[in-house]
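Asks: Everything below, folded, please.
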Amino acid sequence: MTQEPSGIFNSTVTLYRKLNKPELKNNSFSCELRADAELCKLLGAFLSNPGPANTSGEVRFIAVDGIEYIEGYSELPDLEPGTKIELEFDLPSGEAHFYASAREYADDAYSLKSGEPASNAYIVDLDYLSGEANPPGEVQKLNNVSKLIQMLRDLAHFQGSDHPSGHLQMGFVVRGKNDNAYEPFDLTTEFNSQVLDHPLLDLELLEDILNREGSIKAHAEERKNIFRFSIAEVLSRRPGRNKNICDLVQAWEEVIDCYEKNFEIYISDFSFSRVTQELADKQVELSKKLGGVLNDISGKVLTIPVSLAAVGPLINQEDLLSAAILTFGALLLSIFLSLLTSNQKIQFSMVCDSVRMVLKSFHTQTQADSLNKEITKVRESLAKQMFRIGVYIQLIRFSAWLPAITAALIFFYKFS
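Replies: This next block holds a predicted model:
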């Protein structure tokens, strides 16, 4: 964020502007002009209460109506409109600074490279004082790059100031030749006026990533890691060993594109793991339901041999009435078993419909071939299980009528 300039430096800039912005030479200027009322007021106020030279600058020479005043400003006469003034002025040389152009500001302003636009800076060719509204496009670009540095300081894995240039050094990591190993990757905050040759950076994505907090927004820390790796991945492919902000600005669109691809891969892997886990859980759940149907039927199958054994006495039965009662009982038992089996078949059909609906819902969640292969495997496994149970139910339905059929054959054979 751009800070407001100090009042003393602001006064120096106002005076310079009133002097018609004379040409700068070696961080100083000289001029000769007739003063108007406003200039007399500004210059008089400056001379009567000069600030520190490193913030406000210093009058090196002044002559009023041809008379030089070297010993002290207190000897100056009252300045009046129309007074001829000759002036030599040394500009501030500390943190407060005049820059001839935006390119000089980009090359020389150290505070920009630490992630903080200069609070006391005046760019002559743009007639712009730091903190003023509606900064020119060049200043917006430089403030934008400075903001990028500030955000990178929050994003970097580590940072230090031991770079030979004195600029901040930020550390990222990148995958080495061995996929299981990682190597450090350094990026210095140094940059120059070359950044002005590139469009204004779109920092919205990085700002959104850094503003995500914990569980409030999904995958917050993963997004940061992916962006770190994307920066390192893109810049490590560029020529040269020492990478700085100029390299990052030049490759910014490539970094954004790399991040989006890497994040898409991460989300795909995350979705694959989540869906496959859900699929496995559903497979177990559906298998248990199918197994439950089979268990219910298995309990009823035991009644069929018992029923057949009950038909045995009918062979030796000579009494018609007793034989008819035994035959009728076998018929009722077969009807009862058939109804129970039909009910199990309906239940089995409902479970099969549930299986198909669940698998269909998983299929519509993804277009990934790898996940569709897993779904196909589950479908084939469940289909085999359903086929076996279906055949088993049909056999039991047929077997349920064996006691009645057997009893009827014996009855008609003996008494017909």
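
Asks: what separates residue 342 from residue 395, distance-wise?
Replies: 14 Å (Cβ to Cβ, to the nearest Å). Placement of C-beta: from N, CA and C, glycine included.

Asks: Least confident secondary structure element in this structure?
Replies: helix 303-311 (a mean of 67; mean pLDDT, DSSP states H and E).

Asks: residues contacting the residue nearest to residue 382 when sequence neighbours are not counted?
Replies: Excluding its sequence neighbours, the residue lying closest to residue 382 (Cβ to Cβ, 6 or more residues apart in numbering) is residue 355, at 5.4 Å. Residues near residue 355 by Cβ atoms under 8 Å, 6 or more residues apart in numbering: 286, 290, 382, 386.

Asks: Of the residues you listed, just say which sits nearest to residue 151.
Replies: residue 286 (48.9 Å; Cβ to Cβ).

Asks: quick one on the thing from earlier: tabulate the contacts of residue 355 (a markdown table), appending secondary structure, neighbour count and pLDDT.
Replies: As requested, the contacts of residue 355 are exported to a markdown table (DSSP: H, G, I helix; E, B strand; the rest coil; neighbours: other Cβ atoms under 10 Å; pLDDT from 0 to 100):
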| residue | secondary structure | neighbour count | pLDDT |
| --- | --- | --- | --- |
| 286 | helix | 21 | 71 |
| 290 | helix | 19 | 72 |
| 382 | helix | 21 | 76 |
| 386 | helix | 19 | 79 |
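
Asks: Near residue 339, how many residues? Count them for me, please.
Replies: Per other Cβ atoms under 10 Å, the neighbour tally for residue 339 reads 11.

Asks: hey, where'd the helices end up in the stretch 301-416 of the chain?
Replies: 303-311, 320-365, 369-400, 402-415 (DSSP state H, counting those that start in this stretch).

Asks: again, but for the stretch 1-150 of the chain
Replies: According to DSSP H, counting those that start in this stretch, the helices that the stretch 1-150 of the chain contains are 7-18, 37-48, 53-56, 102-108, 137-155.

Asks: With mean pLDDT, distance to residue 331 and mean neighbour count added, can I get those helices in JSON lines?
Replies: Formatted as JSON lines, the helices of the stretch 1-150 of the chain follow (pLDDT from 0 to 100; distance: least, Cβ to Cβ, whole Å; neighbours: other Cβ atoms under 10 Å):
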{"stretch": "helix 7-18", "mean pLDDT": "87", "distance to residue 331": "111", "mean neighbour count": "19"}
{"stretch": "helix 37-48", "mean pLDDT": "81", "distance to residue 331": "122", "mean neighbour count": "16"}
{"stretch": "helix 53-56", "mean pLDDT": "76", "distance to residue 331": "114", "mean neighbour count": "18"}
{"stretch": "helix 102-108", "mean pLDDT": "90", "distance to residue 331": "102", "mean neighbour count": "20"}
{"stretch": "helix 137-155", "mean pLDDT": "90", "distance to residue 331": "83", "mean neighbour count": "19"}
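
Asks: As JSON lines, those helices with distance to residue 266 would be great.
Replies: Formatted as JSON lines, those follow (distance: least, Cβ to Cβ, whole Å):
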{"stretch": "helix 7-18", "distance to residue 266": "49"}
{"stretch": "helix 37-48", "distance to residue 266": "60"}
{"stretch": "helix 53-56", "distance to residue 266": "51"}
{"stretch": "helix 102-108", "distance to residue 266": "36"}
{"stretch": "helix 137-155", "distance to residue 266": "17"}
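
Asks: what about residue 231, neighbour count?
Replies: 26.

Asks: For the stretch 201-350 of the chain, which residues score under the pLDDT cut-off?
Replies: 212-218, 267-279, 283, 294, 297-304, 306-312, 314-317 (pLDDT under 70).

Asks: Look up how far residue 390 lies from residue 138.
Replies: When residue 138 is compared with residue 390 (using Cβ to Cβ), they lie 77 Å apart.

Asks: list the contacts for residue 167?
Replies: Residue 167 neighbours (Cβ under 8 Å, 6+ apart): 113-114, 161, 188-190, 244.

Asks: Determine which two of the residues you listed are furthest apart.
Replies: 161 and 244 (14.4 Å).

Asks: phi, psi of the most centrally placed residue in the chain?
Replies: With distances taken as Cα atoms, centre = their mean, the residue of the chain nearest its centroid is residue 223 (3.8 Å). With angles defined as degrees, to the nearest 10, residue 223 sits at phi -60, psi -40.
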